[in-house]
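K.L.:
model this:
(one chain, ligands or ions: 1)
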Amino acid sequence: MKRITALGEMQSFAASNRRAGKSIAVVPTMGFLHDGHASLIRAARHKAEIVVTTVFVNPAQFAPHEDFTKYPRDIERDARIASDAGTDILFVPASADIYPQNYHTYIAVEELSGRLEGGVRPTHFRGVTTIVAKLFHLTLPHYAIFGQKDAQQVVIIKKMVADLNFDLEIVVCPTMREPDGLAMSSRNVYLSEAERRQSTVLVRSLREAEAMVRSGERDPKRIRERMQAMIAAEPLASIDYVSIAHPETLVESAGMESGRALLVSLAVRFGATRLIDNCVVAVP
Ligand code: PAF
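P.N.:
As a prediction, this is how the structure comes out:
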(Lines give C-alpha, C1' and ligand atoms only; values in the text may rest on other atoms or scores of the structure.)
Protein backbone atom coordinates (compact mmCIF):
# COMPACT_ATOMS: atom_id res chain seq x y z
CA MET A 1 0.00 0.00 0.00
CA LYS A 2 1.26 3.44 -0.94
CA ARG A 3 0.46 6.57 1.04
CA ILE A 4 -0.27 9.76 -0.91
CA THR A 5 -0.77 13.17 0.64
CA ALA A 6 -0.32 15.58 -2.29
CA LEU A 7 -3.52 16.36 -4.20
CA GLY A 8 -1.71 16.62 -7.54
CA GLU A 9 0.01 13.26 -7.09
CA MET A 10 -3.31 11.60 -6.22
CA GLN A 11 -5.07 13.08 -9.23
CA SER A 12 -2.32 12.23 -11.73
CA PHE A 13 -2.02 8.67 -10.34
CA ALA A 14 -5.78 8.22 -10.81
CA ALA A 15 -5.81 9.83 -14.26
CA SER A 16 -2.95 7.71 -15.59
CA ASN A 17 -4.53 4.51 -14.27
CA ARG A 18 -7.86 5.44 -15.85
CA ARG A 19 -6.07 6.09 -19.14
CA ALA A 20 -4.48 2.64 -18.83
CA GLY A 21 -7.98 1.15 -18.55
CA LYS A 22 -7.77 0.28 -14.83
CA SER A 23 -10.91 0.48 -12.69
CA ILE A 24 -10.76 2.50 -9.46
CA ALA A 25 -12.88 2.25 -6.31
CA VAL A 26 -12.72 4.85 -3.56
CA VAL A 27 -13.67 4.39 0.09
CA PRO A 28 -14.00 7.84 1.68
CA THR A 29 -13.49 7.79 5.47
CA MET A 30 -12.68 10.11 8.33
CA GLY A 31 -10.24 7.54 9.71
CA PHE A 32 -10.17 5.75 13.06
CA LEU A 33 -11.07 2.73 10.98
CA HIS A 34 -13.03 -0.21 12.36
CA ASP A 35 -14.43 -3.46 10.94
CA GLY A 36 -17.24 -1.49 9.25
CA HIS A 37 -14.68 0.44 7.20
CA ALA A 38 -12.71 -2.77 6.54
CA SER A 39 -15.87 -4.32 5.07
CA LEU A 40 -16.23 -1.29 2.72
CA ILE A 41 -12.60 -1.67 1.63
CA ARG A 42 -13.12 -5.39 0.99
CA ALA A 43 -16.20 -4.55 -1.11
CA ALA A 44 -14.09 -2.05 -3.06
CA ARG A 45 -11.47 -4.77 -3.58
CA HIS A 46 -14.10 -6.99 -5.22
CA LYS A 47 -15.26 -4.18 -7.50
CA ALA A 48 -12.09 -2.63 -8.88
CA GLU A 49 -8.44 -3.14 -9.76
CA ILE A 50 -7.29 -0.15 -7.72
CA VAL A 51 -8.65 0.60 -4.24
CA VAL A 52 -8.14 4.09 -2.80
CA THR A 53 -9.06 4.62 0.85
CA THR A 54 -9.18 8.26 1.88
CA VAL A 55 -8.64 9.46 5.44
CA PHE A 56 -9.62 13.05 6.09
CA VAL A 57 -11.40 14.46 9.14
CA ASN A 58 -13.42 17.03 7.26
CA PRO A 59 -13.79 20.27 9.25
CA ALA A 60 -16.54 21.50 6.90
CA GLN A 61 -19.02 18.89 8.13
CA PHE A 62 -18.66 19.76 11.84
CA ALA A 63 -20.48 22.70 13.40
CA PRO A 64 -18.30 24.87 15.69
CA HIS A 65 -19.74 23.21 18.84
CA GLU A 66 -19.21 19.64 17.53
CA ASP A 67 -16.39 17.17 18.10
CA PHE A 68 -13.98 18.07 15.24
CA THR A 69 -10.90 18.65 17.44
CA LYS A 70 -11.51 15.62 19.62
CA TYR A 71 -12.61 13.30 16.79
CA PRO A 72 -10.44 10.16 17.27
CA ARG A 73 -7.39 9.97 15.01
CA ASP A 74 -4.71 7.26 14.63
CA ILE A 75 -3.25 7.24 11.14
CA GLU A 76 -0.72 4.42 11.73
CA ARG A 77 -3.48 2.11 12.98
CA ASP A 78 -5.66 3.22 10.03
CA ALA A 79 -2.82 2.38 7.64
CA ARG A 80 -2.58 -1.17 9.03
CA ILE A 81 -6.34 -1.78 8.83
CA ALA A 82 -6.61 -0.25 5.36
CA SER A 83 -3.71 -2.30 4.06
CA ASP A 84 -4.96 -5.57 5.59
CA ALA A 85 -8.39 -5.02 4.04
CA GLY A 86 -6.90 -4.56 0.56
CA THR A 87 -6.19 -0.85 0.00
CA ASP A 88 -3.67 0.05 -2.71
CA ILE A 89 -3.53 3.79 -2.05
CA LEU A 90 -4.12 5.48 1.31
CA PHE A 91 -4.92 9.08 0.45
CA VAL A 92 -4.36 11.37 3.43
CA PRO A 93 -4.66 14.96 2.24
CA ALA A 94 -3.83 17.93 4.46
CA SER A 95 -6.60 20.28 5.49
CA ALA A 96 -4.64 23.29 4.24
CA ASP A 97 -4.54 21.73 0.76
CA ILE A 98 -8.21 20.73 0.69
CA TYR A 99 -9.43 24.07 2.07
CA PRO A 100 -6.68 26.62 1.35
CA GLN A 101 -7.09 30.18 2.57
CA ASN A 102 -9.76 31.98 0.60
CA TYR A 103 -11.64 28.73 -0.17
CA HIS A 104 -15.24 29.62 -1.06
CA THR A 105 -16.88 26.82 -3.03
CA TYR A 106 -19.47 24.51 -1.47
CA ILE A 107 -21.94 21.99 -2.83
CA ALA A 108 -25.33 21.67 -1.20
CA VAL A 109 -28.05 19.20 -2.12
CA GLU A 110 -31.09 21.22 -1.23
CA GLU A 111 -34.21 19.88 0.53
CA LEU A 112 -32.74 16.44 1.38
CA SER A 113 -29.92 18.02 3.38
CA GLY A 114 -32.40 19.81 5.64
CA ARG A 115 -34.32 16.69 6.70
CA LEU A 116 -33.59 14.24 9.57
CA GLU A 117 -29.93 14.86 10.51
CA GLY A 118 -30.14 18.23 8.76
CA GLY A 119 -32.81 19.37 11.22
CA VAL A 120 -30.28 19.03 14.05
CA ARG A 121 -27.04 19.60 12.05
CA PRO A 122 -28.02 22.22 9.44
CA THR A 123 -24.55 22.68 7.88
CA HIS A 124 -23.44 19.04 8.07
CA PHE A 125 -24.37 17.72 4.63
CA ARG A 126 -23.06 20.79 2.80
CA GLY A 127 -19.68 19.83 4.26
CA VAL A 128 -20.13 16.16 3.35
CA THR A 129 -21.14 16.77 -0.27
CA THR A 130 -18.37 19.32 -0.73
CA ILE A 131 -15.62 16.99 0.47
CA VAL A 132 -17.05 13.95 -1.30
CA ALA A 133 -17.23 15.86 -4.60
CA LYS A 134 -13.63 17.00 -4.11
CA LEU A 135 -12.51 13.44 -3.32
CA PHE A 136 -14.28 12.22 -6.46
CA HIS A 137 -12.38 14.81 -8.54
CA LEU A 138 -9.09 13.84 -6.91
CA THR A 139 -9.44 10.05 -7.07
CA LEU A 140 -11.48 9.74 -10.30
CA PRO A 141 -13.27 6.56 -9.19
CA HIS A 142 -15.53 4.25 -11.18
CA TYR A 143 -17.03 3.10 -7.85
CA ALA A 144 -17.49 4.87 -4.54
CA ILE A 145 -18.29 2.74 -1.51
CA PHE A 146 -20.42 3.94 1.42
CA GLY A 147 -22.08 2.27 4.41
CA GLN A 148 -25.84 2.04 4.89
CA LYS A 149 -25.25 3.15 8.49
CA ASP A 150 -25.25 6.73 7.16
CA ALA A 151 -28.47 6.20 5.22
CA GLN A 152 -29.22 9.89 4.67
CA GLN A 153 -25.65 10.55 3.54
CA VAL A 154 -26.06 7.81 0.92
CA VAL A 155 -29.35 9.28 -0.35
CA ILE A 156 -27.79 12.75 -0.60
CA ILE A 157 -24.58 11.60 -2.28
CA LYS A 158 -26.56 9.59 -4.82
CA LYS A 159 -28.59 12.71 -5.59
CA MET A 160 -25.45 14.82 -5.97
CA VAL A 161 -23.93 12.20 -8.30
CA ALA A 162 -27.09 12.21 -10.43
CA ASP A 163 -27.57 15.99 -10.42
CA LEU A 164 -23.93 16.83 -11.17
CA ASN A 165 -23.47 13.99 -13.72
CA PHE A 166 -20.58 12.29 -11.93
CA ASP A 167 -19.66 9.25 -14.04
CA LEU A 168 -19.43 6.71 -11.23
CA GLU A 169 -21.46 4.11 -9.36
CA ILE A 170 -22.32 4.42 -5.68
CA VAL A 171 -22.06 1.05 -3.93
CA VAL A 172 -23.81 0.74 -0.57
CA CYS A 173 -22.70 -1.89 1.97
CA PRO A 174 -24.67 -3.17 4.97
CA THR A 175 -24.12 -1.75 8.46
CA MET A 176 -21.60 -3.76 10.47
CA ARG A 177 -22.62 -4.38 14.08
CA GLU A 178 -20.98 -5.37 17.36
CA PRO A 179 -22.08 -8.76 18.75
CA ASP A 180 -24.79 -7.04 20.85
CA GLY A 181 -26.13 -5.19 17.79
CA LEU A 182 -24.66 -1.70 18.28
CA ALA A 183 -23.76 -0.28 14.85
CA MET A 184 -19.99 0.12 14.48
CA SER A 185 -18.90 3.75 14.58
CA SER A 186 -15.65 5.57 15.29
CA ARG A 187 -17.59 7.53 17.92
CA ASN A 188 -18.40 4.41 19.98
CA VAL A 189 -15.03 4.84 21.74
CA TYR A 190 -16.41 7.95 23.47
CA LEU A 191 -19.07 5.94 25.35
CA SER A 192 -18.65 5.26 29.07
CA GLU A 193 -19.34 1.70 30.26
CA ALA A 194 -22.88 2.58 31.32
CA GLU A 195 -23.58 4.51 28.10
CA ARG A 196 -22.22 1.61 26.04
CA ARG A 197 -24.59 -0.80 27.85
CA GLN A 198 -27.60 1.45 27.28
CA SER A 199 -26.65 2.26 23.66
CA THR A 200 -28.03 -1.08 22.46
CA VAL A 201 -31.45 0.57 22.76
CA LEU A 202 -30.90 2.00 19.26
CA VAL A 203 -30.84 -1.40 17.56
CA ARG A 204 -33.44 -2.80 19.98
CA SER A 205 -35.90 -0.05 19.09
CA LEU A 206 -35.25 -0.54 15.36
CA ARG A 207 -35.92 -4.27 15.72
CA GLU A 208 -39.09 -3.47 17.64
CA ALA A 209 -40.24 -1.21 14.75
CA GLU A 210 -39.58 -4.04 12.27
CA ALA A 211 -41.48 -6.50 14.45
CA MET A 212 -44.44 -4.12 14.79
CA VAL A 213 -44.69 -3.71 11.00
CA ARG A 214 -44.36 -7.48 10.51
CA SER A 215 -47.17 -8.12 12.97
CA GLY A 216 -49.52 -5.72 11.18
CA GLU A 217 -49.02 -2.26 12.74
CA ARG A 218 -49.50 0.36 10.00
CA ASP A 219 -49.49 3.61 11.98
CA PRO A 220 -46.00 5.21 11.89
CA LYS A 221 -46.97 7.43 14.82
CA ARG A 222 -47.61 4.43 17.10
CA ILE A 223 -44.29 2.88 16.05
CA ARG A 224 -42.41 6.12 16.68
CA GLU A 225 -44.05 6.44 20.11
CA ARG A 226 -43.10 2.87 21.02
CA MET A 227 -39.48 3.48 19.95
CA GLN A 228 -39.37 6.79 21.85
CA ALA A 229 -40.70 5.07 25.00
CA MET A 230 -38.04 2.34 24.77
CA ILE A 231 -35.28 4.93 24.40
CA ALA A 232 -36.68 7.14 27.16
CA ALA A 233 -36.48 4.11 29.49
CA GLU A 234 -32.66 4.34 29.28
CA PRO A 235 -31.70 7.08 31.77
CA LEU A 236 -28.55 8.22 29.89
CA ALA A 237 -30.24 8.47 26.48
CA SER A 238 -31.61 11.67 25.00
CA ILE A 239 -33.43 11.58 21.65
CA ASP A 240 -32.58 13.96 18.79
CA TYR A 241 -35.14 12.35 16.49
CA VAL A 242 -36.92 9.12 15.65
CA SER A 243 -38.14 9.06 12.07
CA ILE A 244 -40.16 6.83 9.79
CA ALA A 245 -39.74 8.26 6.32
CA HIS A 246 -39.75 7.58 2.61
CA PRO A 247 -36.32 6.02 1.85
CA GLU A 248 -35.56 8.38 -1.04
CA THR A 249 -37.36 11.65 -0.34
CA LEU A 250 -36.81 11.33 3.44
CA VAL A 251 -40.25 12.90 3.95
CA GLU A 252 -41.89 11.68 7.16
CA SER A 253 -44.54 9.00 6.47
CA ALA A 254 -48.09 9.55 7.65
CA GLY A 255 -49.16 6.02 6.68
CA MET A 256 -47.87 2.79 5.16
CA GLU A 257 -48.58 1.06 1.90
CA SER A 258 -48.10 -2.63 1.32
CA GLY A 259 -45.13 -3.37 -0.97
CA ARG A 260 -43.38 -0.11 -0.05
CA ALA A 261 -40.18 0.31 1.97
CA LEU A 262 -39.70 2.72 4.85
CA LEU A 263 -36.52 4.15 6.32
CA VAL A 264 -36.69 3.94 10.10
CA SER A 265 -33.87 6.07 11.51
CA LEU A 266 -32.87 7.68 14.75
CA ALA A 267 -30.27 9.84 16.44
CA VAL A 268 -29.73 9.53 20.16
CA ARG A 269 -27.26 11.28 22.46
CA PHE A 270 -25.46 9.64 25.34
CA GLY A 271 -23.82 12.55 27.13
CA ALA A 272 -21.70 14.30 24.48
CA THR A 273 -21.78 11.29 22.14
CA ARG A 274 -24.32 11.26 19.35
CA LEU A 275 -25.17 7.92 17.76
CA ILE A 276 -27.24 7.24 14.63
CA ASP A 277 -28.69 4.04 13.23
CA ASN A 278 -31.38 2.95 10.82
CA CYS A 279 -33.08 0.07 9.08
CA VAL A 280 -35.12 -0.22 5.91
CA VAL A 281 -38.41 -2.02 6.56
CA ALA A 282 -40.42 -3.56 3.74
CA VAL A 283 -44.15 -3.27 4.43
CA PRO A 284 -45.69 -6.73 3.75
O1 PAF B 1 -19.08 8.96 6.37
C2 PAF B 1 -18.03 9.61 6.63
O3 PAF B 1 -17.13 9.12 7.30
C4 PAF B 1 -17.88 11.03 6.10
O5 PAF B 1 -19.08 11.71 6.15
C6 PAF B 1 -17.27 11.07 4.69
C7 PAF B 1 -18.18 10.42 3.66
C8 PAF B 1 -15.92 10.38 4.69
C9 PAF B 1 -17.06 12.53 4.28
O10 PAF B 1 -16.21 13.18 5.15
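K.L.:
for the residue nearest to residue 252 when sequence neighbours are not counted, give the beta-bridge partners.
P.N.:
Spatial nearest neighbour of residue 252, chain neighbours left out: residue 245 (5.2 Å); criterion: Cβ to Cβ, 6 or more residues apart in numbering. Placement of C-beta: from N, CA and C, glycine included. Residues in a beta bridge with residue 245, per DSSP bridges, are residue 252, residue 263.
K.L.:
neighbours of residue 245, how many?
P.N.:
Using other Cβ atoms under 10 Å, residue 245 has 21 neighbouring residues.
K.L.:
same thing with the one 5 residues further on?
P.N.:
Applying other Cβ under 10 Å, we find 22 other residues in the vicinity of residue 250.
K.L.:
residues contacting it?
P.N.:
Shown in contact with residue 250 (Cβ atoms under 8 Å, 6 or more residues apart in numbering): 112, 115, 116, 152, 155, 263.
K.L.:
and what of residue 23?
P.N.:
Residue 23 touches 47, 48, 49, 50, 142, 143, counting by Cβ under 8 Å, 6+ apart.
K.L.:
within range of the ligand, give me the residues from this protein.
P.N.:
Taking Cβ under 6 Å from any ligand atom as the test, the list of the chain residues beside the ligand reads 28, 29, 30, 58, 61, 128, 131, 132, 150, 153.
K.L.:
helices - which of those residues land there?
P.N.:
In this view, the residues of the chain next to the ligand that belong to helices under DSSP state H are 128, 131, 132, 153.
K.L.:
mind putting those residues into a markdown table with neighbour count, pLDDT and distance to residue 92?
P.N.:
What follows is those, written out as a markdown table (neighbours: other Cβ atoms under 10 Å; pLDDT from 0 to 100; distance: Cβ to Cβ, whole Å):
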| residue | neighbour count | pLDDT | distance to residue 92 |
| --- | --- | --- | --- |
| 128 | 26 | 98 | 18 |
| 131 | 23 | 99 | 13 |
| 132 | 25 | 99 | 16 |
| 153 | 21 | 98 | 21 |
